[in-house]
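Q: Sharing a model that was predicted from the sequence below.
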Amino acid sequence: MMPFDIVILWTDALIFVLIACIVAAGFYIRSQEHLRTSWRRLVENRTGMAALTVLLVFVAVGFADSLHYRPAPQVGVWSLLDALLRNLKTHTEKTYSAPFAVKLDARETVTGPDGAQMRIYPRLVYGGAHLANPDESAADILWRARAACVHAAAGWIVICAMVVALLACRSRISFAQALGNVLRGETATAWNAALFAVGAVLLLSVPALELSSIYHVFGTDKVGNDVFYQALKSVRTALVIGTLTTLAMLPLAAVLGILAGYLGGIVDDVVQYVYTTLNSIPGVLLIAAAVLLMQVFIEDHQNWFATAAERADARLLALCLILGVTSWTGLCRLLRAETLKLRELEYVEAARAFGVSHWKIMSRHILPNLMHILLISLVMDFSGLVLAEAVLSYVGIGVDQNTISFGSMINTARMELAREPIVWWSLAAAFSFMFTLVLMANLLSDAVRDALDPRMASRVRRAAAAKAGR
């Protein structure tokens, strides 16, 4: 028997299904030449490859946080990320401490050897506990950071060597020639941009992880929890909100948009009436009402959930569905407009003339020509949904209080900024991670748009032909 019990939450199962669908889609794309051509333009884009590399690091963190288990019956639900960051999870202090501090950020009254009472900043239990003299912390941090940077550089060199060796083996050229091709950017995939992004990630993450074992890199919060650990845990929440909400929105928007644009008539009138009515309701109020109703339902059925983690996961899944149901109108309007143009094209009219059913026309001729819009919207809406969760959690109608997210961290930092002295590190950590995630998603969305949009691809081909003509 295993020394632990495997726990699969609802969002975990949906994430595993999503990964399986992505893998299946990858094999299907490899089998279709026209699809390979479109996606080849994406991997040739240096900005897109760099953004994709950084996003894959976030995905790895979120996936590790989605492998849940229970170490013992009397212990709560843990994840693989919790096990890897055990020190960050368990090394809690008494209250606030600044980044890399060795003392608390609040004074305490202690009794001296002579019986006199003094107000001092006490030493942390874990942060810098290896130091005999706390005044040596700056020199110790600098020395360990330099050593960690050396480790990061060595790891980056090994990764680069492995990639270049693999390219040399596949192309049957020498290692030096393959290295030159990568440096000059003459490879089919923009490996130079990807490797540069890997180096940047290693240079930031390796020192942070090595120092986090003996210091609190981003400090601690009011109850002494490590802020760096909270920021890493928030990554999964942001990814779940961004992906599952979009997947909940796409089928509804695609079906209704294509039906309204192709069939027209009463179907078009009904669909337009529905999304116009939804758009007339303030989005925050509609989401708030739905979230509060779901919260009341969950609280009235506490016996449905064995642990607090399952209850928090149910609210997170409900929030994804609510955001998806209330966010499909813009994409539906876009797909309806595109379908109105596609249904007038010659090949669609020819299919109707030959007696092809409406269902086959929509599935074989209309939907494939809308897939680039769906994929572009999937990537572009991701960043907006991550920010939406932060706003909703900030106003108190977001995720469960047991779920760590960027929004809950920002909401907690709201009161900390009014404290004296100011506690700024929780907000800084949440902002840094969320800004990086959203920026990389936006850069990738631009690259996906350039690669998959047929009009953009035709302009690129015309520009390349004109350049070749000159």
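A: On my side now, so go ahead. For clarity, every value in this text was computed on a predicted model and none was experimentally measured.
Q: Please enumerate the strands of this protein.
A: Using DSSP state E, the strands of the chain run over 5-7, 68-70, 78-79, 108-111, 117-120.
Q: Just checking: what are the partner strands of the third one?
A: The one in question is strand 78-79. Within its sheet, strand 78-79 is paired with strand 68-70 (antiparallel), according to DSSP bridges.
Q: how far does the strand it pairs with sit from the chain's center?
A: Centroid separation for strand 68-70 versus its chain: 22 Å, with C-alpha atoms, centre = their mean, to the nearest Å.
Q: again with stretch 281-297
A: 24 Å.
Q: How about stretch 274-291?
A: Its chain's average C-alpha position is 25 Å from that of stretch 274-291, according to C-alpha atoms, centre = their mean.
Q: what do you get for stretch 21-37?
A: Centre-to-centre, stretch 21-37 and its host chain are 23 Å apart (C-alpha atoms, centre = their mean).
Q: follow-up on the earlier one: now the strands of the chain in JSON lines, with distance to Val163 and mean neighbour count?
A: Yep, even glycine has a C-beta here, placed from its N, CA and C like the rest. Listed next are these as JSON lines, based on distance: least, C-beta to C-beta, whole Å; neighbours: other C-beta atoms under 10 Å:
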{"stretch": "strand 5-7", "distance to Val163": "34", "mean neighbour count": "14"}
{"stretch": "strand 68-70", "distance to Val163": "33", "mean neighbour count": "19"}
{"stretch": "strand 78-79", "distance to Val163": "30", "mean neighbour count": "20"}
{"stretch": "strand 108-111", "distance to Val163": "53", "mean neighbour count": "10"}
{"stretch": "strand 117-120", "distance to Val163": "53", "mean neighbour count": "10"}
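Q: Relative to Ser393, which of those is closest?
A: Ser393 sits nearest to strand 78-79 of all these, at 20.1 Å, using C-beta to C-beta.
Q: So what's the gap between that closest one and the chain middle?
A: On C-alpha atoms, centre = their mean, the centre of strand 78-79 falls 19 Å from the chain's centre.
Q: Could you do stretch 220-231 as well?
A: For stretch 220-231 - counting by C-alpha atoms, centre = their mean - the centre lies 20 Å from the chain centre.
Q: contacting residues around it?
A: 85, 88-89, 91-97, 127, 208, 212, 216-219, 404, 406, 409, 412, 416, 423, 425-426, 429-430, 432-433 (C-beta atoms under 8 Å, 6 or more residues apart in numbering).
Q: how close does Ala238 sit to Trp304?
A: Per C-beta to C-beta, to the nearest Å, Ala238 is found 26 Å from Trp304.
Q: Have a look at those two and say which one is more surrounded.
A: The neighbour comparison of Ala238 against Trp304 (other C-beta atoms under 10 Å) goes to Ala238, with 26 against 11.
Q: correct me, but the more buried one touches Glu389?
A: Yes - in terms of C-beta atoms under 8 Å, Ala238 counts as a neighbour of Glu389; the distance is 6.8 Å.
Q: Common neighbours of these two, please.
A: Contact criterion C-beta under 8 Å, 6+ apart; residues shared by Ala238 and Glu389: Ser405, Phe406.
Q: Isn't Asp268 up against Tyr262?
A: No - the criterion here is C-beta under 8 Å, and Asp268 misses it with Tyr262 at 9.0 Å.
Q: tell me, what's touching those two both at once?
A: With C-beta under 8 Å, 6+ apart, Asp268 and Tyr262 have no common neighbours.
Q: on that earlier part again, any chance of the strands of the chain in CSV with distance to Ala314 and mean pLDDT as columns?
A: Output for these, formatted as CSV (distance: least, C-beta to C-beta, whole Å; pLDDT from 0 to 100):
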stretch, distance to Ala314, mean pLDDT
strand 5-7, 14, 82
strand 68-70, 14, 86
strand 78-79, 17, 89
strand 108-111, 41, 74
strand 117-120, 46, 77
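Q: Would you mind putting the ones you listed into CSV with distance to Leu335 alongside?
A: Output for these, formatted as CSV (distance: least, C-beta to C-beta, whole Å):
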stretch, distance to Leu335
strand 5-7, 38
strand 68-70, 36
strand 78-79, 37
strand 108-111, 62
strand 117-120, 65
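Q: so which of those comes closest to Ala132?
A: Per C-beta to C-beta, nearest to Ala132 of those: strand 117-120, 17.6 Å.
Q: mean confidence score for stretch 258-275?
A: What stretch 258-275 shows for mean pLDDT is 89.
Q: Give the buried residues for it.
A: Across stretch 258-275, burial judged by 16 or more other C-beta atoms under 10 Å covers Ile258, Leu259, Ala260, Gly261, Tyr262, Asp268, Val271, Tyr275.
Q: what's the answer for stretch 400-407, then?
A: For stretch 400-407, the buried set under the neighbour-count rule, 16+ other C-beta under 10 Å, comprises Asp400, Thr403, Ile404, Ser405, Phe406, Gly407.
Q: And the longest helix along the chain, what's buried?
A: Longest helix of the chain, by residue count under DSSP state H: helix 227-263. Within helix 227-263, the residues scored as buried using 16+ other C-beta under 10 Å are 227-250, 252-262.
Q: and if you look at stretch 197-213?
A: Across stretch 197-213, burial judged by 16+ other C-beta under 10 Å covers 197-199, 201-203, 206-212.
Q: Same question for stretch 360-373.
A: Neighbour-count burial for stretch 360-373 flags Ile361, Met362, His365, Ile366, Leu367, Asn369, Leu370, His372, Ile373 (criterion: 16+ other C-beta under 10 Å).
Q: Would you map the helices across the stretch 1-150 of the chain?
A: 10-31, 33-44, 46-64, 80-84, 86-90, 137-171 (DSSP state H, counting those that start in this stretch).
Q: who's in contact with the second one?
A: Translated: helix 33-44. Residues outside helix 33-44 that contact it (C-beta under 8 Å, 6+ apart): 28-30, 48-49, 188-190, 372, 447-448, 450-452, 457, 460.
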